[in-house]
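Q: Next come a sequence and a model predicted from it.
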Amino acid sequence: MFYVNLRSFHKPITVSLIVLCIMCIIFVTAAIFDNASANQPFGFILKRPSIEKEDLLTYRPEQPPEEISLDIPDVDAILGVLPLIEEPALVEQGSQITTSYWVYPGNPACSTFNELNSLGEVDQVKPEFATIDENGNTIILTEDKAGCNALSSTNLDFFKAHSQSQFITVSGSGEGFSQLMSNQEKRQNSIDILTSLVNQTGTDGIEIDFEGFSSWTTAEYQSYLDYLDGLGQSLNDEGKQLMIDAPAIYNEGIQNVFEFKYSDFNDLAVDFITIMAYDYQFDFGGGASVTQDQFLIDSITRAKEEIEDDSKIIVGLPTYGYSATEGSYSDIKILTKAQVKDIVGEEKIQTATRIEDSQELIVEHEGKVYVFQDRESIEHKINLVESEDVTQISIWHLGGNPLVEN
């Protein structure tokens, strides 16, 4: 048995050794914590699609970034450099519908620059420049931390040059959402930061993309409504607008799962409501469409019945796909078409067949099904939206998807 003779502590050499050991323990402990911090640099996980943390660190490395000051609390925008880009073939949509495009930070969406360069000037882009971290704080996503497409002066200039308007998307869900909704001071700070961010970037507004709707409590939902009204009024006072993302509520059973109701926003300072008419596979399992036709139509019908001003309605459509075990809910993984192509191969992807209720493509590979979009399936969805007399759509997302064929 090991023991310490306390009577020996009076000896100078013993005291010195003890002090040295304590210092070593402190040093090793600090190194461990420092390493842990380095392994999780952001303190939060960015939302869909699923990507590895090292991918978030990907940014254009042609030259070291240079800081510029944006007079926003605790924020610096990082200057980047435009990559050399090729021009893929342009997708001819032939539609008069107004189209906006979400822009996701980091891989696998780093081909966004190529696609926007090919599309020329689009109606609207919505880069994700901010998020709510796990503590409920509003965090600006700069390119040095969140990867390609995040906030930098180069990216901002590029997005402005290729779109008629720009909204800054702000993501949030889970514990961060709960922390924000339970703290009035954090909500007010968020309103101040986002209003300042829009003003200083010269963009047109904010889009709030807070998800996890089925887990919201009544108290959280009421705080959410108050937060949106405060943010909308703050933005409107500056001549800016507020857009929110909403779940696709396509029947009464789904409505009963959510506190969220379309009609609750009629009297709030919310300028646009984007119905995220996708993720159908999470309700019906692997092999189901991302956006099934009747699901899309029913979601639009309910929104038009409950939202008094139809001009506020935007329908979100997918360009993404996924992989899963057929019939399973547990291993659904969001993928771009480019990722599907890399996994299953060019030859196998040519054998994909159409899903009748969506015109999406499906192929089996090594025990899993892969569902994905192409020009035909996207145009099919756009035609359905137009047939329901909705004139605005939003595409999730640019980068690795088939709006511009890869």
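A: Right, received. Where do you want to start?
Q: what about residue 330, neighbour count?
A: 8 (other CB atoms under 10 Å). All C-beta atoms are positioned from the backbone trio N, CA, C, and that covers glycine.
Q: Just the element for it, please.
A: Using DSSP states H and E, residue 330 falls within no helix or strand.
Q: Okay, it and residue 285: tell me how far apart.
A: Computed as CB to CB, to the nearest Å, the residue 330 to residue 285 distance reads 9 Å.
Q: tell me the contacts of residue 329?
A: Contact analysis of residue 329 by CB atoms under 8 Å, 6 or more residues apart in numbering lists 282, 285-286.
Q: Can you go through the residues you listed and name the buried ones?
A: Neighbour-count burial (16 or more other CB atoms under 10 Å) applied to the contacts of residue 329 gives 285-286.
Q: Dump the contacts of residue 329 into a markdown table; add secondary structure and distance to residue 148 as well.
A: A markdown table is the format used below for those (DSSP: H, G, I helix; E, B strand; the rest coil; distance: CB to CB, whole Å):
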| residue | secondary structure | distance to residue 148 |
| --- | --- | --- |
| 282 | helix | 27 |
| 285 | coil | 33 |
| 286 | coil | 30 |
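Q: chain center to stretch 184-196: distance?
A: 20 Å (CA atoms, centre = their mean, to the nearest Å).
Q: What residues sit buried inside it?
A: 186-187, 189-191, 193-196.
Q: Can you tell me which of those is nearest residue 145?
A: For the buried residues of stretch 184-196, the residue nearest residue 145 by CB to CB is residue 193; the value is 15.9 Å.
Q: Mind pulling up the pLDDT for the closest one?
A: On pLDDT, residue 193 comes in at 98.
Q: likewise residue 40?
A: 27.
Q: next one: residue 402
A: For residue 402, the model assigns a pLDDT of 86.
Q: and residue 140, how far is that from residue 231?
A: In terms of CB to CB, residue 140 sits 16 Å off from residue 231.
Q: circling back: in JSON lines, list the contacts of residue 329 along with pLDDT and distance to residue 166.
A: Below are the contacts of residue 329 laid out as JSON lines (pLDDT from 0 to 100; distance: CB to CB, whole Å):
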{"residue": "282", "pLDDT": "96", "distance to residue 166": "29"}
{"residue": "285", "pLDDT": "98", "distance to residue 166": "37"}
{"residue": "286", "pLDDT": "98", "distance to residue 166": "36"}
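Q: can you list the contacts of residue 329 in JSON lines and add distance to residue 272?
A: Converted to JSON lines, these look like this (distance: CB to CB, whole Å):
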{"residue": "282", "distance to residue 272": "24"}
{"residue": "285", "distance to residue 272": "32"}
{"residue": "286", "distance to residue 272": "33"}
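Q: any idea which of the contacts of residue 329 is closest to residue 386?
A: Distance to residue 386, by CB to CB, is smallest for residue 282 among the contacts of residue 329, at 26.1 Å.
Q: who's in contact with the closest one?
A: Contacts for residue 282 were tallied using CB under 8 Å, 6+ apart; they are 329, 332.
Q: if you set the cut-off to 10 Å instead, what comes out?
A: Going by CB atoms under 10 Å, 6 or more residues apart in numbering, residue 282 touches 288, 290, 322, 324, 329, 332.
Q: try residue 116
A: By CB under 10 Å, 6+ apart, residue 116 lies in contact with 85, 101, 103, 122, 125, 158-159, 161-163, 398-399, 403-404.
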